[in-house]
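Chemist: sequence unknown, structure follows:
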Ligand SMILES: NC(=O)c1ccc[n+]([C@@H]2O[C@H](COP(=O)([O-])OP(=O)(O)OC[C@H]3O[C@@H](n4cnc5c(N)ncnc54)[C@H](OP(=O)(O)O)[C@@H]3O)[C@@H](O)[C@H]2O)c1
């Protein structure tokens, strides 16, 4: 009988609670595919648990606390102690990626974070492993389920942003404080992570220009409908002028675009490269059990074998001044000469 894999669980909220449940339910299956049976060795919350003791008692640490501190401190301590780490924390990776990847490489242990971007969609694995040797040109998509739900609801009901946001909160698709979702910061953190992996270059949250959906009016969606377009909050990371550009912005998509039918809290990510043409992945972008399932997948990967290593291959400059199509919505008096003044 092989030794169990002892997991130190940091955070037992929506995702951490679901993860603990999933470990109990799927322990046999994990043992079958990885050779070791998972067990929770200790749990840290605000009110219980001793981080140092949990670290000592664990073979692997799962960080599901959120926030950057003390999550950063605990993750670094685990990596430096030679313990692999799984995290779902996009802000931590987007703001402290350099330090964390370096600590993982120095210690020779795995740092996995599939659940940090696009929930259960295995986009990290695909970019880092399946396309690890591919010259990726562009990664883009809908990486925030809250804003996609709000825009879908506004488009189908014609309701105002504030009313739909309140409904999203009632249904649990938006948090009590939705700021980071609706202003684009959450999507920006995820795009920083995807850009880093796709282009093998250091990218942090500060390198991403972002805007959110707070100023979208029902009118914008009504005009889009008339023109056969749909409005999405898009994250785009692409090679531009010998550098890279990473940004988040509301964008009209033509009917027939692979991302146009992605509705509600779903996410979708597209990858473009000459060698692969174009690949689209879609699925639930969040949810306790869905996210926990991606976390457990990372645990299985760690126990099963070799790590994908994130190594900086070149330092590409960030290009901030990019030419792009724009949409302007102007309310003007219906008088001769108005359009020429605008022009
Ligand atoms: N929810 C989702 O659908 C989703 C999807 C993708 C990724 N994620 C990511 O998953 C992570 C966890 O999210 P969540 O929704 O599960 O959060 P949550 O429900 O707020 O749970 C956070 C947990 O961490 C603990 N915690 C927070 N700060 C702590 C501290 N300073 N010391 C000790 N324990 C602390 C909390 O303790 P108490 O129980 O004592 O409060 C709680 O158990 C975040 O990084 C989030 O971005 C979440």
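Modeler: Here it is on my side, so go on. Since the structure is predicted, the reported quantities are computational estimates derived from the model, not experimental observations. Numbers count the residues shown, from 1 in each chain.

Chemist: Next up, the contacts around the residue lying closest to residue 239 once chain neighbours are set aside.
Modeler: Spatial nearest neighbour of residue 239, chain neighbours left out: residue 137 (5.6 Å); criterion: C-beta to C-beta, 6 or more residues apart in numbering. From N, CA and C alone the C-beta is placed, and that goes for glycine too. The contact partners of residue 137, by C-beta atoms under 8 Å, 6 or more residues apart in numbering, come to 238, 239, 272, 273, 274.

Chemist: Among these, which are located in strands?
Modeler: In strands, defined here by DSSP state E, the members of those are 238, 239, 272, 273.

Chemist: Need phi/psi at residue 44.
Modeler: phi -110, psi 130 (degrees, to the nearest 10).

Chemist: typo on my end, it should be residue 236
Modeler: As for residue 236, its main-chain torsions (degrees, to the nearest 10) stand at phi -130, psi 130.

Chemist: Might one say that it is in contact with residue 143?
Modeler: No. Because the distance of 10.4 Å does not satisfy C-beta atoms under 8 Å, residue 236 is recorded as not touching residue 143.

Chemist: Please enumerate the shared neighbours of these two.
Modeler: The contact lists of residue 236 and residue 143 share residue 191, where a contact means C-beta under 8 Å, 6+ apart.

Chemist: So what's the gap between stretch 292-306 and the chain middle?
Modeler: The gap between the average C-alpha position of stretch 292-306 and the chain average comes to 17 Å, counting by C-alpha atoms, centre = their mean, to the nearest Å.

Chemist: still on that earlier bit, residue 236 and residue 143: who's more crowded?
Modeler: The neighbour comparison of residue 236 against residue 143 (other C-beta atoms under 10 Å) goes to residue 143, with 30 against 21.

Chemist: Distance check, that one against the ligand.
Modeler: If you measure residue 143 against the ligand using C-beta to the nearest ligand atom, to the nearest Å, the figure is 11 Å.

Chemist: How about residue 81?
Modeler: Counting by C-beta to the nearest ligand atom, the gap from residue 81 to the ligand is 18 Å.

Chemist: That residue: what's its closest spatial neighbour, skipping adjacent residues?
Modeler: With C-beta to C-beta, 6+ apart as the measure, residue 55 is the residue that lies nearest to residue 81, at 6.0 Å, once sequence neighbours are left out.

Chemist: Check residue 26 too.
Modeler: Using C-beta to C-beta, 6+ apart and skipping residues adjacent in sequence, the residue nearest residue 26 is residue 296, 6.4 Å away.

Chemist: So what's the residue count around the closest residue to residue 332 other than its chain neighbours?
Modeler: For residue 332, ignoring the flanking residues on the chain, the nearest one in space by C-beta to C-beta, 6+ apart is residue 338 at 4.8 Å. Here the count is done by other C-beta under 10 Å, and residue 338 has 12 residues near it.

Chemist: I figured residue 248 hits residue 184, correct?
Modeler: Yes. Using C-beta under 8 Å, residue 248 is in contact with residue 184, at 4.4 Å.

Chemist: More neighbours: the two, which one.
Modeler: Remark: of residue 248 and residue 184, residue 248 carries more neighbours, 29 against 26, as counted by other C-beta under 10 Å.

Chemist: who's in contact with the more buried one?
Modeler: 184, 187-188, 191, 208-212, 233-236.

Chemist: buried ones in the helix or strand it falls within?
Modeler: Residue 248 is located in strand 243-254, with elements delineated by DSSP states H and E. Of the residues in strand 243-254, 244, 245, 246, 247, 248, 249, 250, 251, 252, 253 count as buried by neighbour count, 16 or more other C-beta atoms under 10 Å.

Chemist: Name the nearest of those residues relative to the ligand.
Modeler: residue 248 (16.4 Å; C-beta to the nearest ligand atom).

Chemist: Chain neighbours aside, what residue packs nearest to that closest one?
Modeler: With sequence-adjacent residues excluded and distances taken as C-beta to C-beta, 6+ apart, residue 248 is closest to residue 210, at 3.8 Å.

Chemist: From residue 262, how far off is the one you found?
Modeler: Here the distance between residue 210 and residue 262 works out to 19 Å (C-beta to C-beta, to the nearest Å).

Chemist: now swap in residue 270 and tell me
Modeler: Taken as C-beta to C-beta, the spacing of residue 270 relative to residue 262 amounts to 10 Å.

Chemist: Report how many residues lie close to the residue of the stretch 201-343 of the chain found nearest the ligand.
Modeler: Distances from the stretch 201-343 of the chain to the ligand, computed as C-beta to the nearest ligand atom, single out residue 286 as the nearest residue at 3.4 Å. Around residue 286 there are 22 other residues, counting by other C-beta under 10 Å.

Chemist: what residues are up against residue 265?
Modeler: Contacts for residue 265 (C-beta under 8 Å, 6+ apart) come out as 145, 146, 148, 149, 173, 284, 285, 286, 287.
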